[in-house]
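S.K.: how does the following fold in three dimensions:
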Amino acid sequence: MENSTEVVSFVLSAYGNIGNLKYLYFTILLLWYITICTSNTILIVVIYMDRRLHEPMYLLLGNLFLNEIYISTSLYPLLLSQMFSDTHEVTLPWCFLQMCCFYIFVCVQLCNLTAMAYDRYVCICHPLHYNFLMSNRRVGKILLLVWIYSFTNYMFSFSFIIPLTFCGNVIDKVFCDQQLVIKLACSVSALTSISDLFFGFMCVVLPFGLISVSYIKILWVCLTVSKESKQKLITTCTPQIVSLGNIFVGIAFHIVGPRLDIRYLPDKVHIILSIYIHLLQPMITPFMYGLYLPKIRQSCKRLLFDRK
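M.R.: Just a heads-up that it's a prediction; the model follows:
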């Protein structure tokens with residue numbers, strides 16, 4: 001084992017030397033973060049205030065919008081503060097906190113999308129049982145289960161990271177990435193690697209599998225219904241499919257990127273790919289659901305512009 005001193009902080013080396021461009025980057029990211037928080041908050045308020053939206057699908061959407069704010073907050077405040085740092089250091093506790101928030105909220109997002117896919121499956125494939133299977137009370141229990149499931153899954157994996165000792169402290173990203181943190185450990189036990197894979201399976205592979213099964217069954221129904229009903233099904237499911245596709249791309253960049261040699265890419269492209277899931281998804285979600293779904297669009301117009 002290598003000799004090492006106690007690591008009390010990590011250096012986020014991907015920032016590099018951005019010089020005076022830091023003011024431009026800071027302004028762009030701050031405006032982007034404000035827009036994400038504002039757009040998602042507006043839709044949460046719309047769903048809360050319009051009793052016609054107090055239905056299972058929209059309650060699940062409200063949780064999704066709330067989680068997008070949490071995901072963004074797990075990155076942007078640290079990202080903005082690091083813009084004006086000369087050393088780009090982050091202490092061990094803050095690094096671990098960011099890791100916990102990021103992975104738990106991503107797991108919540110995928111589990112929430114799984115619940116939404118199940119909601120659409122029940123609505124389309126078993127409409128007569130929908131009110132029983134997807135009552136508001138049951139949706140509340142599902143959302144509670146989503147958060148408990150995500151938290152316990154990640155904390156199990158994280159419990160194997162806490163005892164690690166580190167022989168290096170340079171992370172080649174703009175945020176604390178668990179895979180790169182584990183690589184800096186002086187030694188990694190088989191249980192640590194297995195727990196990391198277990199979390200990936202439980203919070204990424206399993207939700208994607210369940211979502212795929214739901215949409216395959218929905219697609220099968222689409223092939224047998226009328227053109228008008230098919231159009232309605234497509235309108236309802238398109239935002240979820242777009243969100244899922246974008247998340248899949250973001251997770252692919254996040255998981256595969258550190259395992260590939262992509263040094264030939266420009267540094268700025270490397271940084272964008274590493275935070276892709278933070279950049280686009282929190283913005284895609286409110287605009288896809290807010291602008292695409294007729295009931296939310298109408299409620300927004302009614303609450304924001306109708307003064308009667």
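S.K.: show me what whatever helix or strand F26 lives in is packed up against.
M.R.: Taking DSSP states H and E as the definition, one finds F26 inside helix 21-49. Using 3 or more Cβ pairs under 8 Å, 6 or more residues apart in numbering; DSSP states H and E as the contact criterion, the neighbours of helix 21-49 among helices and strands are helix 56-73, helix 76-82, helix 281-292, helix 294-305. In this view, the C-beta of every residue, glycine as well, is placed from N, C-alpha and C.
S.K.: buried stuff in that helix?
M.R.: Judged by neighbour count using 16 or more other Cβ atoms under 10 Å, the buried positions of helix 21-49 are 25-26, 29, 32-33, 36-37, 39-40, 42-44, 46-47.
S.K.: same check, this time on stretch 132-141
M.R.: Of the residues in stretch 132-141, those buried by neighbour count under the rule 16+ other Cβ under 10 Å are M134, V139.
S.K.: off-centre distance for that stretch?
M.R.: 24 Å (Cα atoms, centre = their mean, to the nearest Å).
S.K.: restrict it to CA atoms and write it as PDB.
M.R.: C-alpha atoms of stretch 132-141 as PDB (Å, rounded to 0.1, in the frame of the first residue of the first chain):
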ATOM      1  CA  PHE A 132     -58.600   1.700  -7.600                       C
ATOM      2  CA  LEU A 133     -54.900   1.000  -8.500                       C
ATOM      3  CA  MET A 134     -53.800   4.700  -8.800                       C
ATOM      4  CA  SER A 135     -55.800   6.600  -6.200                       C
ATOM      5  CA  ASN A 136     -54.200   9.800  -4.800                       C
ATOM      6  CA  ARG A 137     -53.700   8.000  -1.500                       C
ATOM      7  CA  ARG A 138     -51.800   5.200  -3.200                       C
ATOM      8  CA  VAL A 139     -49.700   7.600  -5.200                       C
ATOM      9  CA  GLY A 140     -48.700   9.300  -1.900                       C
ATOM     10  CA  LYS A 141     -47.500   5.900  -0.700                       C
END
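S.K.: and that stretch, average pLDDT?
M.R.: Confidence over stretch 132-141, taken as the mean pLDDT, stands at 90.
S.K.: check stretch 85-105 too.
M.R.: The average pLDDT for stretch 85-105 rounds to 89.
S.K.: output the lowest mean pLDDT helix or strand found in this protein.
M.R.: Ranking every helix and strand in the chain by mean pLDDT, DSSP states H and E puts helix 267-274 at the bottom, with a mean of 66.
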